[in-house]
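Enquirer: A structural model of the following input is requested.
(one chain, ligands or ions: 3)
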Amino acid sequence: MLTSLNDLPQRKTGGPQLAVLTAYDYPTARLLDDAGVDLILVGDSLGMVVLGMPDTTGVTMEMMVHHTTAVCRGVKRAPVIADLPFDSYSTPELALANARRLMDCGAACVKLEGGVSMLPQVRAITDAGIPFVGHIGMLPQSVKLEGGYKKKGKTAESVDQLIADAQALDEAGAVAIVLESMVPAVATQITGLIKASTIGIGAGSGTDGQVLVTPDLIGSFPWFRPPFAKARADVAGETLRAVREYIAEVQS
Ligand SMILES: Nc1nc(=O)c2c([nH]1)NC[C@@H]1CN(c3ccc(C(=O)N[C@@H](CCC(=O)O)C(=O)O)cc3)CN21
Ligand SMILES: CC(C)C(=O)C(=O)O
Ligand SMILES: [Mg+2]
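Expert: Ligands and ions are numbered 1, 2, ... in the order given. Next comes the predicted model:
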């Protein structure tokens, strides 16, 4: 059973920061849940760190449904956030229909990328009573449009846009907002301005929580790791060692 999102610790009222990690499969979700993470995100980073795609724009609803179902099977306690993938929320009607599909997999809430420009989609979701998590700052689904991954909040116009995006999502009823790759002072400022919990990634320590891609944390995807992610284990190295040992034993 999933606990209610309302039972989450609230840093804005004196609690600890929320610790959030991604999972894409049953065993990882079960381990994260047992370890005590506050929230588990079935991120569309799935496309890159599990499926080997060059970016997240090739991830489909079918893939998200498949992996969200597996993750929810492994979780007894932590609420699961499911990402709406690229091109799955181009209209409010599509956003709501696809949000419902992910909720039917057992997710506790859904997340999509964008602020003011996505308000009609966000409202369709929140008006239907589906708990919603926002995502602003650097938006990986826009990587092709933007020509790369670029930190946000470096100019006055960019800061104003980020604040407007955060306030719009807050007013639309987002329970939390992911702040990805932005100048730390801007993430701290946004955190003080809104009711929703902010969950930072590459956005400094002034947010209400932190999220990390689990393969970055455990070192199981050594080929690409963002500069802010600290690997605390070397699963890739351990896997290579075990496999080489096995090969040598079989051959001898
Ligand atoms: N393994 C993995 N971890 C992630 O956190 C992650 C993915 N994959 N794939 C989807 C997105 C892409 N992410 C990224 C990608 C690049 C940077 C990056 O290069 N950041 C630099 C450069 C910023 C700039 O040039 O403005 C930085 O210093 O933060 C950060 C996050 C986060 N997400
Ligand atoms: C990086 C996090 C916030 C995400 O959206 C993902 O893993 O897809
Ligand atoms: Mg994502």
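Enquirer: can you give me the helices for this structure?
Expert: For the chain, applying DSSP state H gives helices covering 26-35, 46-49, 61-74, 92-104, 119-127, 143-146, 156-171, 184-193, 214-218, 235-251.
Enquirer: which ones are touching the residue in the stretch 51-200 of the chain positioned nearest to ligand 3?
Expert: Using CB to the ion, the closest approach of the stretch 51-200 of the chain to ligand 3 is made by D83 at 4.3 Å. (C-beta placed from N, C-alpha, C; glycine too.) Listed by CB atoms under 8 Å, 6 or more residues apart in numbering, the contact partners of D83 are 41-44, 46, 59, 64, 110-112.
Enquirer: same for ligand 3: which of those residues are within range?
Expert: Among the contacts of D83, the ones lying near ligand 3 by CB under 5 Å from the ion are 43-44.
Enquirer: how many neighbours does L119 have?
Expert: When neighbours are counted by other CB atoms under 10 Å, L119 registers 16.
Enquirer: what about it, distance to A242?
Expert: 50 Å (CB to CB, to the nearest Å).
Enquirer: which residue packs closest to the residue of the stretch 1-150 of the chain found nearest ligand 2, ignoring adjacent ones?
Expert: In the stretch 1-150 of the chain, the residue found nearest to ligand 2 is G43; the distance is 2.2 Å by CB to the nearest ligand atom. Spatial nearest neighbour of G43, excluding adjacent residues (CB to CB, 6 or more residues apart in numbering): T22 at 4.4 Å.
Enquirer: list the contacts of that neighbour.
Expert: T22 touches 40-43, 45, 211-215, counting by CB under 8 Å, 6+ apart.
Enquirer: wait, which of the helices of the chain is closest to S205?
Expert: When these are compared by CB to CB, helix 184-193 sits nearest S205, at 7.3 Å.
Enquirer: sorry, back to before: what's the pLDDT at the residue nearest to G43?
Expert: On the pLDDT scale, T22 is placed at 99.
Enquirer: which ones are touching the residue in the stretch 1-150 of the chain that ligand 1 sits nearest to?
Expert: Closest contact between the stretch 1-150 of the chain and ligand 1, by CB to the nearest ligand atom, is at Y149 (3.4 Å). Contacts for Y149 (CB under 8 Å, 6+ apart) come out as 138, 140, 143, 181, 226.
Enquirer: residues contacting the residue lying closest to P16 once chain neighbours are set aside?
Expert: Nearest residue to P16, sequence neighbours excluded (CB to CB, 6+ apart): P9, at 5.6 Å. The neighbours of P9, taking CB under 8 Å, 6+ apart as the test, are 15-16, 18, 38.
Enquirer: ok, now A124?
Expert: With contact set as CB under 8 Å, 6+ apart, A124 has these partners: 92-93, 95-96.
Enquirer: by neighbours, which of these wins?
Expert: For those, neighbours tallied by other CB under 10 Å; top is A95, 25 neighbours.
Enquirer: so that residue touches R123, yeah?
Expert: No. Judged on CB atoms under 8 Å, A95 makes no contact with R123 at a distance of 9.4 Å.
Enquirer: what residues does the protein put near ligand 2?
Expert: 22, 41, 43-45, 83, 135, 178, 180, 201, 211, 213 (CB under 6 Å from any ligand atom).
Enquirer: one more time with 8 Å
Expert: Selection of the chain residues close to ligand 2 by CB under 8 Å from any ligand atom yields 22, 41, 43-46, 56, 83, 111, 113, 135, 140, 178, 180, 199, 201, 211-213.
Enquirer: tell me which of those fall in strands.
Expert: 22, 41, 83, 111, 135, 178, 180, 199, 201, 211-212 (DSSP state E).
Enquirer: out of those, which is nearest to R101?
Expert: When these are ranked by distance to R101 (CB to CB), D83 comes first, at 12.5 Å.
Enquirer: near ligand 3, which residues of the stretch 51-200 of the chain show up?
Expert: D83.
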